[in-house]
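1. Here you go, sequence then predicted model.
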Amino acid sequence: ISSRPRRAYRSRSSPHSENPVAAGPAHDRSTGALKRRIDVTALLLLPLIAVAAWAGAAWALQRSVLFPAPPASSVSPAAARPSIETILLGPDRVESWFLPAQGVPGHAPVIVFTHGNGELIDHWIDAFSAVAREGVSVLLVEYPGYGRSGGTPSEESITRAMLAAWDTLVARPDVDSDRIIAWGRSLGGGAACALASHRELAALVLESSFTGVRPLARRFGIFGPLVRDPFDNLPVVSEFDRPVLVLHGERDRIIPVEHGVALDRAARDSELVLLPCGHNDCPWQGERVLEFLRRRGMIAWAEGPNGG
């Protein structure tokens, strides 16, 4: 039996089979370069992700800071005072209280008061009852979502409530529609200016208020378009052609006094009173405001039972 010598066959590599040469140094260099590109891209994206996260948080949380509505009783304090009329304003049924002027027959002037962001109209009922005794009607306007009011607070919803308040007042037979005065304290200055930008007012009183929310927000790293409720008071005041009274605490650390000074400078006809206080420790300014309104002809000196 003869045996044939076996032929040596070289197997042909499939294009899909592993190539030991391809896994060598050149392949390692290519993989390393790709990894470095991914690492650089990730480093570039991290700041953008952080900024986006900050912007999202600022957008979502800023209204809880701007509108920290305090707890309120379910029972209105006005219910125990027969002389006070409760008026629900607009589609949100925003609570407001009308305190009629005492001792003034016929049409009476009226002050529309809007309070600070951590307050309620409940806190001001006694102080403004004294104003009503001086012969000046008062409308205390709550914010949407505050107290017993429906809705949620925002510049848009507050403006809507303020316009409904003005429209309600001018339709009343006991209100002099030519003598409607807006008085806003702190955040309330934004509400008062929102009303002044849409309706006629006899005068504007801004107590411890701001030129706008944007300058305040910049202190917390929130800029421009991120501010959802800018309440841009400065251009409103600059266009307002009636008397303006600006009251501001010299030691105010929440809304620095520079805001009050800027509002006074922007107004066409303004008086600035700097008070020896901060933001929430200033004394009641009711008599000072009434004296200003008397001098400016908004209120007669003999108006009301205590006038003279």
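-> That came through, no problem.

2. Would you map the strands across the stretch 51-200 of the chain?
-> Residue ranges of the strands in the stretch 51-200 of the chain, as given by DSSP state E, counting those that start in this stretch, are 85-89, 94-99, 108-114, 137-141, 175-185.

3. residue ranges with poor pLDDT in the stretch 1-150 of the chain?
-> 1-60 (pLDDT under 70).

4. Is R81 in contact with I125, as I believe?
-> Yes - if you go by CB atoms under 8 Å, R81 and I125 touch, sitting 7.5 Å apart. C-beta: built from backbone N, CA, C; applies to glycine.

5. higher neighbour count, those two?
-> Neighbour comparison, R81 and I125: the larger count goes to I125, with 19 against 13 (by other CB atoms under 10 Å).

6. residues in contact with that one?
-> By CB atoms under 8 Å, 6 or more residues apart in numbering, the residues touching I125 are P77, A78, R81, I84, W97, L99, L140.

7. Wait, the fourth one touches L99, no?
-> What it means is I84. Yes - using CB under 8 Å, I84 is in contact with L99, at 5.6 Å.

8. Comparing those two, which residue is more hemmed in?
-> L99 (26 against 20).

9. Can you tell me how far that one is from D126?
-> To D126, L99 is 11 Å away according to CB to CB, to the nearest Å.

10. ok, now S83?
-> 13 Å.

11. And G116, by the same measure?
-> As for G116, its distance to D126 is 16 Å (criterion: CB to CB).

12. So for the two, which sits in the more crowded spot?
-> G116 (20 against 9).

13. how about the nearest residue to that one, chain neighbours excluded?
-> Once flanking residues are discounted, G116 sits nearest to S186: 3.6 Å by CB to CB, 6 or more residues apart in numbering.

14. looking at it, the one you found is touching V213, isn't it?
-> No - counting by CB under 8 Å, S186 sits too far from V213 to count as a contact (11.5 Å).

15. need the strands of the stretch 51-200 of the chain in TSV with distance to C277, can you?
-> Formatted as TSV, those follow (distance: least, CB to CB, whole Å):
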stretch	distance to C277
strand 85-89	32
strand 94-99	26
strand 108-114	19
strand 137-141	23
strand 175-185	13
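
16. Which among these is found nearest to G224?
-> Closest to G224 of the strands of the stretch 51-200 of the chain, according to CB to CB: strand 175-185, at 23.9 Å.

17. residues of the closest one that come out buried?
-> V175, D176, R179, I180, I181, A182, W183, G184, R185 (16 or more other CB atoms under 10 Å).

18. Also stretch 277-295?
-> Buried residues in stretch 277-295 (16+ other CB under 10 Å): G278, H279, C282, Q285, G286, R288, V289, L290, F292, L293, R294.

19. average pLDDT for it?
-> Stretch 277-295 comes out with an average pLDDT of 97.
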